[in-house]
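Asks: Structure for this input, please:
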Amino acid sequence: PPITFATFIFSLNTSALIHLGEYPDPVTGQTERDFDLAKQTIDLLGLLKEKTRGNLTSEEERMLDAFLFDLRMRFLRLKG
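Replies: Model prediction:
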């Protein structure tokens with residue numbers, strides 16, 4: 001399928017969840033936590049939100065906001 005902004009941020013969200021240990025790595029099948037990589041991916045989504053402000057559809061903006069909120073809360077819960 002073609003890559004859209006929604007599928008791109010969905011893949012970044014999935015990567016962050018894998019780094020948080022919420023899903024197994026699709027290559028190794030192992031579940032591991034790497035908070036540095038998780039934070040980097042979450043920060044990347046935050047950067048995309050900042051740099052695309054005013055250029056997203058309302059659906060894309062809601063999706064990005066929801067992913068960021070969920071990932072940030074998970075990060076704090078798991079890291080804390």
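Asks: So for this protein, the centremost residue is which one?
Replies: Closest residue to the average C-alpha location of the chain: residue 13 at 2.5 Å, with C-alpha atoms, centre = their mean.
Asks: quick one, what contacts that residue?
Replies: 45, 67, 70, 71 (C-beta atoms under 8 Å, 6 or more residues apart in numbering). In short, each C-beta sits where N, CA and C put it, glycine included.
Asks: Can you get me a residue count around the first one?
Replies: If I follow you right, that is residue 45. 20 (other C-beta atoms under 10 Å).
Asks: swap in residue 52?
Replies: 14.
Asks: give me every residue that touches it.
Replies: Neighbours of residue 52 in contact, by C-beta under 8 Å, 6+ apart: 5, 64.
Asks: Residue 14 too?
Replies: With C-beta under 8 Å, 6+ apart, residue 14 has these contacts: residue 23.
Asks: Quick one, grab the pLDDT at it.
Replies: pLDDT, residue 14: 97.
Asks: ditto for the one 5 residues further on
Replies: On the pLDDT scale, residue 19 is placed at 97.
Asks: Nearest residue to it in space, please, no chain neighbours.
Replies: residue 38 (3.7 Å; C-beta to C-beta, 6 or more residues apart in numbering).
Asks: Verify the stated contact: that neighbour with residue 12.
Replies: No: contact between residue 38 and residue 12 fails when scored by C-beta atoms under 8 Å: they sit 11.0 Å apart.
Asks: From the contact counts, what lies against the helix or strand harbouring the residue nearest to residue 19?
Replies: Assigned by DSSP states H and E, residue 38 belongs to helix 35-51. Identification of packing neighbours for helix 35-51 by 3 or more C-beta pairs under 8 Å, 6 or more residues apart in numbering; DSSP states H and E yields helix 5-19, helix 58-79.
Asks: from the chain's centre, how far out does it sit?
Replies: 7 Å (C-alpha atoms, centre = their mean, to the nearest Å).
Asks: and if you look at stretch 44-52?
Replies: 11 Å.
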